[in-house]
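Undergrad: How does the following fold in three dimensions:
(2 chains)
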Protein chains: 2
Amino acid sequence: MAKPQSSKSSAKNKTAIQPTREADFPEWYQQVVRAADLAENSETRGCMVIKPWGYGIWELIQQQLDAQFKATGHQNAYFPLLIPLSYLEKEAGHAEGFATECAVVTHHRLETAKQEDGSVKMIPTGELTEPYVIRPTSETIIGAAFSRWVESYRDLPLLINQWANVMRWEMRPRMFLRTAEFLWQEGHTAHETKEEAIEETRTIHRLYETFLRDHLAIPVIAGEKTEAERFPGADMTLTVEAMVQDLKAIQAGTSHYLGQNFSKAQDISFTARDGSQQHAYTTSWGVSTRLIGTLIMAHSDDDGLVLPPRVATQQIVIVPVTPKEDSRQAIIDACEALAEVLRREKSYGGQPLRVHVDKRDIGGGVKKWEWVKKGTPIRIEIGPRDLEGGKVCLQRRDQAANEKAFVPKEDFIRNVTDILQEIHSNLLAKATELRDSNISECNDLETFEKHWSQEMPGWLSTPWCGSREQEEELSKKHKITIRCLPIDQQDGPEAPCVLTGEATSQRAIWGRSY
Amino acid sequence: MAKPQSSKSSAKNKTAIQPTREADFPEWYQQVVRAADLAENSETRGCMVIKPWGYGIWELIQQQLDAQFKATGHQNAYFPLLIPLSYLEKEAGHAEGFATECAVVTHHRLETAKQEDGSVKMIPTGELTEPYVIRPTSETIIGAAFSRWVESYRDLPLLINQWANVMRWEMRPRMFLRTAEFLWQEGHTAHETKEEAIEETRTIHRLYETFLRDHLAIPVIAGEKTEAERFPGADMTLTVEAMVQDLKAIQAGTSHYLGQNFSKAQDISFTARDGSQQHAYTTSWGVSTRLIGTLIMAHSDDDGLVLPPRVATQQIVIVPVTPKEDSRQAIIDACEALAEVLRREKSYGGQPLRVHVDKRDIGGGVKKWEWVKKGTPIRIEIGPRDLEGGKVCLQRRDQAANEKAFVPKEDFIRNVTDILQEIHSNLLAKATELRDSNISECNDLETFEKHWSQEMPGWLSTPWCGSREQEEELSKKHKITIRCLPIDQQDGPEAPCVLTGEATSQRAIWGRSY
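TA: Model prediction:
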């Protein structure tokens, strides 16, 4: 088998991605996205084009999450893209949070004017009496529908989800993590009682936590936001916080208990069992294409993207190695046959395996490194000698790029699901190790304050019972935030608050974030 | 079994939908949409809310079409919602066709002003130096991406599809058929040769034709548009035209061969095999939520929606009939058990059966008629006597609402897939009969001109070789259009053109349309 070209450069310690994570993390991220052909910037300000390899990841996330939403009783629906300004005005308390930077539609016609030089100029005309905003989120417009749909307690609970594009005019866009337009799902539910709505909020929170762990191999800290960090208008915001390799936090998904705040503003009311008129209790929750940014930053390395197998656009790439013309067709046939067997007979996570045969007529080294940089979990090469010996050359993205094993084809087929699961587990273990070794307990203010002068500070876990103002002051001073009050750490022994010294059993996780 | 309440009214010849198709077709359509809970109008001008029962149909159309696109080598991607005005200006010839009535984004911020009465007013600020248009279609923005992606013939063909929302400022919206915002898929491909691009255009055209027939039970006339009716900028537009029950035509899907028109405007060029620089040949094609409007108008009756089984949100609804409290739980258990068996063991069109058990505590008649109006292909009732006898009461949406058959449960399970296929075939046969008995051959101008004065004229098929101007004149005069030049009728014997009398083998189909 020809030694792959770039494997040589790897021996010289040159990485496939330049710069490395250590040298320049933000630039490394951009280069990983580019090298994996996931997405690119467009001429629409702050908006990206999601290319097939990146969109494939999103399709898988969608399918898998959607099945879980449906299994928990939710139904999909679709609501208008444009929100009348009057809806936002009614909801001004809520809108203040983010809806101020958003795309405003003011005209509904273009007039074409021919210029002297023969070119065409288009001028907006047909001014609208009431402008519209492109949805930054759909609480207001879905709330208006709920208000029409709910009459009696019999109409509750209403469990609706929408897959949609939304838009916020971001000033510092970054592909997948923060773009003006992004794709997401937004769940919106209405309930008869407070308890039921809170239970829904928690159910989805747990669903997100396990989805990130079991599908994206990302171990999160699941917790509650403090009042300062809550979704505007929410009584409780639950969050899943992921640590990525520069030790920053990414808020990967949120689930909000909205109490009766929205239902009162939007008049989502119903005749209760006792005949009285009541306002419903509502929730909303969402994850977005940001999940893709999160998994890139969580798992990728200096050779490029590393994809968790469950959401890998292709899980296995088979590369025919055909040095001689006379064995070429036989090898290609063997590759296709193997792909067919894997697709037909094997599955992982309830879905048939996704297998691609790369028959392009280009150099083997170039090909190999393309698939490394694209993060494909398993690469298989079949050459003349492998074909003869009934073997395949197995390479795994969770191992060094030059590592390879020659295994009997039948063994590979038998074990392929286990190998994918092992890759998943290895990614999860590595990410868990990163997270756990970079959250330190901190009980005194001096250590706390010093900690944030480091170049790449990890997260701190502190006893905390300070006020909102005190939290905001500390946050501003150190460019940090309380990521959350971790749910599984609120019942521990009391300790003195890191700031006030008061005894508290509440613990807060602090960190820098995207 | 209690006699369903509304069944009585049916006996009195009162239909579940008022008015009937005959009395007022447009109003009947609105009432079918409402009674089936498919969608409703929103406060955003011309935009609808697609409710779960309607969105479920779209999800199935999406899944099934998407599988076919992927099987024919296409990949999904996602492109920005907003198109810079300069793109449209460059493409002015193309944009003229429809982009003049579209939503224009001119500002990116809202300023909140508190009014004297305490209310809040929001004012658009942050005027953009270059306005954006919400995509009415994405040729320009996808073309810009293709121009970046294509360098060599090795990068071709480029076979991309996008599932997205688009917006056209429609003046006379009608739910599903013509709304300002709608959901669709738009395929965009680029090819090395003219022949390959034309073959792609035809492949998708055939795919649409068979999809409508085999999934929606709609027999279309597949043909080519005349120059007057072509997509602006296309060299050839292929269309699938459905006839609905008021004998109007609905253009249900189109596939365009764009030649080098777009690739020249957008500089999609590549280094050819001989080293020269060439412009690619491109295509675009799409179907939308209009398909839902089409299937409603094609199949539904005076009792409401009739859903083709392949795209029925629920294919089977099981209703427990529980007159006595003591047998209640046993009957519900039997219903659930039957649903489980059907879901787990049976499939139709490659997807597991979609079965719903309606356990709501409301009257049996109300329940029954709800599912009739929602178009569910199969309704099953299980009451105490059925349970005892091991039978189910089977009712089918393609039969009269009061028709029922008591069949052994095991027989039903064994035959369920056949029954669904039979329902599909019955719908298709009925729609085919409607179409074929309402297209008449017409060879003389007098008959032609008279035909259109009828209240509900069918389509006419004529020998035709008139000019574009002659076509437009006739069209305007009778409020008709040439729906298409049917592909399978262009090789027949020559006959005198209905207008000019010149001998021609070209045949045109004329009709009124939505």
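Undergrad: who's in contact with residue A:373?
TA: Counting by C-beta atoms under 8 Å, 6 or more residues apart in numbering or on different chains, residue A:373 touches A:16, A:17, A:32, A:35, A:36, A:303, A:304, A:305. Every C-beta, even on glycine, is put in place using the N, C-alpha and C of the backbone.
Undergrad: Pick the one among those residues closest to chain B.
TA: Each of those was checked against chain B using C-beta to the nearest C-beta; the closest is residue A:36, at 14.1 Å.
Undergrad: Please look at the closest one and residue A:303 and confirm they touch.
TA: No: using C-beta atoms under 8 Å as the test, residue A:36 is too far from residue A:303 to be in contact (10.7 Å).
Undergrad: picking up where we left off before, I'd like to know which of the contacts of residue A:373 are part of helices.
TA: Within these, membership in helices is found for A:32, A:35, as judged by DSSP state H.
Undergrad: Report the buried members of the contacts of residue A:373.
TA: Under a neighbour-count criterion of 16 or more other C-beta atoms under 10 Å in any protein chain shown, the subset of these counted as buried comprises A:16, A:17, A:32, A:35, A:36, A:303, A:304, A:305.
Undergrad: got the buried residues for whatever helix or strand residue A:370 lives in?
TA: Residue A:370 is located in helix A:364-373, with elements delineated by DSSP states H and E. Neighbour-count burial for helix A:364-373, with 16+ other C-beta under 10 Å as criterion, is recorded at A:364, A:365, A:367, A:368, A:369, A:370, A:371, A:372, A:373.
Undergrad: And these, which two are furthest apart?
TA: Distance extremes for those: the farthest pair is A:364 and A:373 at 15.0 Å, using C-beta to C-beta.
Undergrad: next one: the helix or strand hosting residue A:508 to chain centre, how far?
TA: Using DSSP H and E, the element containing residue A:508 is strand A:507-511. Average the C-alpha atoms of strand A:507-511, do the same for its chain, and the two points are 21 Å apart (C-alpha atoms, centre = their mean, to the nearest Å).
Undergrad: Columns distance to chain B on top of the contacts of residue A:373, output as TSV?
TA: Written out in TSV, the entries for the contacts of residue A:373 read as follows (distance: C-beta to the nearest C-beta, whole Å):
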residue	distance to chain B
A:16	21
A:17	21
A:32	19
A:35	15
A:36	14
A:303	24
A:304	19
A:305	17
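Undergrad: How many neighbouring residues does the nearest residue to residue A:110 once chain neighbours are set aside have?
TA: Closest residue to residue A:110 apart from its sequence neighbours, by C-beta to C-beta, 6 or more residues apart in numbering or on different chains: residue A:122 at 4.5 Å. When neighbours are defined as other C-beta atoms under 10 Å in any protein chain shown, residue A:122 has 21 of them.
Undergrad: Helix or strand for residue A:122, just tell me which one.
TA: With DSSP H and E as criterion, residue A:122 is part of strand A:120-134.
Undergrad: Given that strand, what are its sheet partners and their directions?
TA: The partner list of strand A:120-134 in its sheet, established with DSSP bridges, is strand A:82-84 (antiparallel), strand A:104-114 (antiparallel).
Undergrad: what pLDDT, on average, does stretch A:400-410 get?
TA: Stretch A:400-410 shows a mean pLDDT of 96 in the predicted model.
Undergrad: Put the alpha carbons of that stretch into CSV.
TA: This file holds the C-alpha atoms of stretch A:400-410, laid out as CSV (Å, rounded to 0.1, in the frame of the first residue of the first chain):
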residue,chain,number,x,y,z
ALA,A,400,-3.7,8.6,15.3
ALA,A,401,-4.0,9.2,11.6
ASN,A,402,-1.2,6.8,10.7
GLU,A,403,-2.5,4.0,12.9
LYS,A,404,-4.0,1.1,10.9
ALA,A,405,-5.0,-2.5,11.5
PHE,A,406,-5.4,-5.2,9.0
VAL,A,407,-8.5,-7.2,10.0
PRO,A,408,-10.4,-10.0,8.4
LYS,A,409,-13.3,-8.5,6.5
GLU,A,410,-15.8,-10.8,8.2
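Undergrad: next one: it to chain centre, how far?
TA: On the basis of C-alpha atoms, centre = their mean, stretch A:400-410 is displaced by 31 Å from the centre of the chain it belongs to.
Undergrad: And that stretch, what's buried?
TA: Neighbour-count burial for stretch A:400-410, counted by 16+ other C-beta under 10 Å, picks out A:401, A:404, A:407, A:409.
Undergrad: how about the strands in the stretch 301-450 of chain A?
TA: Read by DSSP state E, counting those that start in this stretch, the stretch 301-450 of chain A holds these strands, from start to end of the chain: A:316-320, A:347-348, A:351-352, A:355-357, A:378-382, A:391-396, A:405-408, A:439-441.
Undergrad: Reformat the ones you listed as JSON lines; add distance to residue B:158.
TA: Listed next are these as JSON lines, based on distance: least, C-beta to C-beta, whole Å:
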{"stretch": "strand A:316-320", "distance to residue B:158": "20"}
{"stretch": "strand A:347-348", "distance to residue B:158": "30"}
{"stretch": "strand A:351-352", "distance to residue B:158": "26"}
{"stretch": "strand A:355-357", "distance to residue B:158": "17"}
{"stretch": "strand A:378-382", "distance to residue B:158": "25"}
{"stretch": "strand A:391-396", "distance to residue B:158": "29"}
{"stretch": "strand A:405-408", "distance to residue B:158": "36"}
{"stretch": "strand A:439-441", "distance to residue B:158": "46"}
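Undergrad: closest one to residue A:24 among these?
TA: Closest to residue A:24 of those is strand A:439-441 (C-beta to C-beta; 24.6 Å).
Undergrad: Direction included, what does that closest one pair against?
TA: Strands adjacent to strand A:439-441 in the sheet, as given by DSSP bridges, are strand A:459-463 (parallel).
Undergrad: starting at the chain centroid, how far to the next helix-or-strand element following the strand it pairs with?
TA: Going down the chain from strand A:459-463, the next helix or strand is helix A:468-478, by DSSP H and E. In terms of C-alpha atoms, centre = their mean, the gap separating the centre of helix A:468-478 from the centre of its chain is 28 Å.
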